[in-house]
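Visitor: need a structure here:
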Amino acid sequence: MKNEVYNFYKQHRDWQQFYKELLDENEVTQITVTNCSDDERIITLWGTNKCAAITDPIDGIEVTKIEADVGQRAYEVVYNPVNDLFYVINNSTDTITVVNDQAVVVETVQLRPDPLTFINPNNIVVNTNPNSPEYGFVAITGTGQNEFLTVDLNFDIARRIPLGRSPIDLVYNPVNDSYYISLDVRDSLVKISTTSDLAVSQFIKVGIKYLGVNEDNGDIYVHFIVNNNGIFSNDVDAVSYTHLTLPTKRIV
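Guide: As a prediction, the model looks like this:
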């Protein structure tokens, strides 16, 4: 019995020394494995050089990557819940590629009014207000002609509105059914409602950049880069704004 106890502790000390040397000579990491299913799962932590699966699949589900060909220099993508489609703006080809959830191209929307007029789209948003006359439309800004466009659910250009200066960022505010655009050079924030083709200036301030919107109360958040000023909140029905001292960063 004494020999068995001695051998047990000796073997335990030998393993301790082995793991100590292993940790001293190799980089280590901590792994947490969580089973989020109700089924018993087999986990393989060692021997992965034999190409063994790390876990056994629950129902044999395989994930397949699907891809769609879009235009040149795909710039931004949005999902439109109204027609369950994805919209990709292509900056170099001045088009919108409309894709379904199977990566099948449904439509390619040409944004140019003529072959020699370049648009260079740089922002796209979706109108998500069921009470809006443009419900389900997508709105786009372009730096080529400094303009604002909307595309309806038939993939036709519904509106073209000149902006005067190069657009930086674009958001849609469902509370007052309006689009807000920050403009370069002029350093201004403009508002375009769904019932008017005028870009109405909200205020002018140096360093205006990116925009955010609180969809619960309609507040617009504006990011300025000059003097690390941070973010301002602008009420949708007033021109005044409140200063919030925050670091310079994009608000998303």
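
Visitor: from here on, just use CA atoms for contacts and neighbour counts.
Guide: OK.

Visitor: is Thr97 in contact with Asn91, as I believe?
Guide: No. Applying Cα atoms under 8 Å, one finds Thr97 not in contact with Asn91, separated by 11.1 Å.

Visitor: helices along this protein, start to end?
Guide: Taking DSSP state H as the test, the helices found in the chain are 2-25.

Visitor: which secondary element of it has the worst mean pLDDT?
Guide: When the helices and strands of the chain are scored by mean pLDDT, DSSP states H and E, strand 241-244 comes last with a mean of 42.

Visitor: any weak-confidence spans in the stretch 51-200 of the chain?
Guide: 51-65, 71, 186 (pLDDT under 70).

Visitor: how many residues are close by Gln17?
Guide: 12 (other Cα atoms under 10 Å).

Visitor: ok, it to Thr195 distance?
Guide: 77 Å (Cα to Cα, to the nearest Å).

Visitor: cool, Tyr87 as well?
Guide: Taking Cα to Cα, one finds Tyr87 at 24 Å from Thr195.

Visitor: who has more neighbours out of those two?
Guide: Tyr87 (24 against 11).

Visitor: need the contact list for Ala74.
Guide: Under the criterion of Cα atoms under 8 Å, 6 or more residues apart in numbering, the neighbours of Ala74 are Val88, Ile89, Asn90, Asn91, Ser92.

Visitor: tell me the contacts of Asn129?
Guide: Neighbour list for Asn129: Tyr135, Gly136, Pro174, Asp177 [criterion: Cα under 8 Å, 6+ apart].

Visitor: switch the cut-off to 10 Å
Guide: For Asn129, the contacting residues are Tyr135, Gly136, Phe137, Tyr172, Asn173, Pro174, Val175, Asn176, Asp177, by Cα atoms under 10 Å, 6 or more residues apart in numbering.

Visitor: hmm, back to that, most surrounded residue in the contacts of Ala74?
Guide: For those, neighbours tallied by other Cα under 10 Å; top is Ile89, 29 neighbours.

Visitor: my guess is that residue contacts Gln72, does it?
Guide: Yes. Contact criterion Cα atoms under 10 Å: Ile89 and Gln72 qualify, at 9.3 Å.

Visitor: between the two, what contacts are shared?
Guide: With Cα under 10 Å, 6+ apart as the test, Ile89 and Gln72 both reach Thr95.

Visitor: contacting residues for the closest residue to Leu153 other than its chain neighbours?
Guide: Spatial nearest neighbour of Leu153, excluding adjacent residues (Cα to Cα, 6 or more residues apart in numbering): Phe137 at 6.0 Å. Taking Cα under 10 Å, 6+ apart as the contact definition, Phe137 lies against 80, 82-83, 125-129, 150-158.

Visitor: again, only this time at 8 Å
Guide: Val126, Asn127, Thr150, Val151, Asp152, Leu153.

Visitor: neighbour-wise, give me the winner out of those residues.
Guide: Going by other Cα under 10 Å, Asn127 tops these with 25 neighbours.

Visitor: what distance do you get for that one to Leu189?
Guide: 19 Å.

Visitor: can you check Thr141 too?
Guide: 14 Å.
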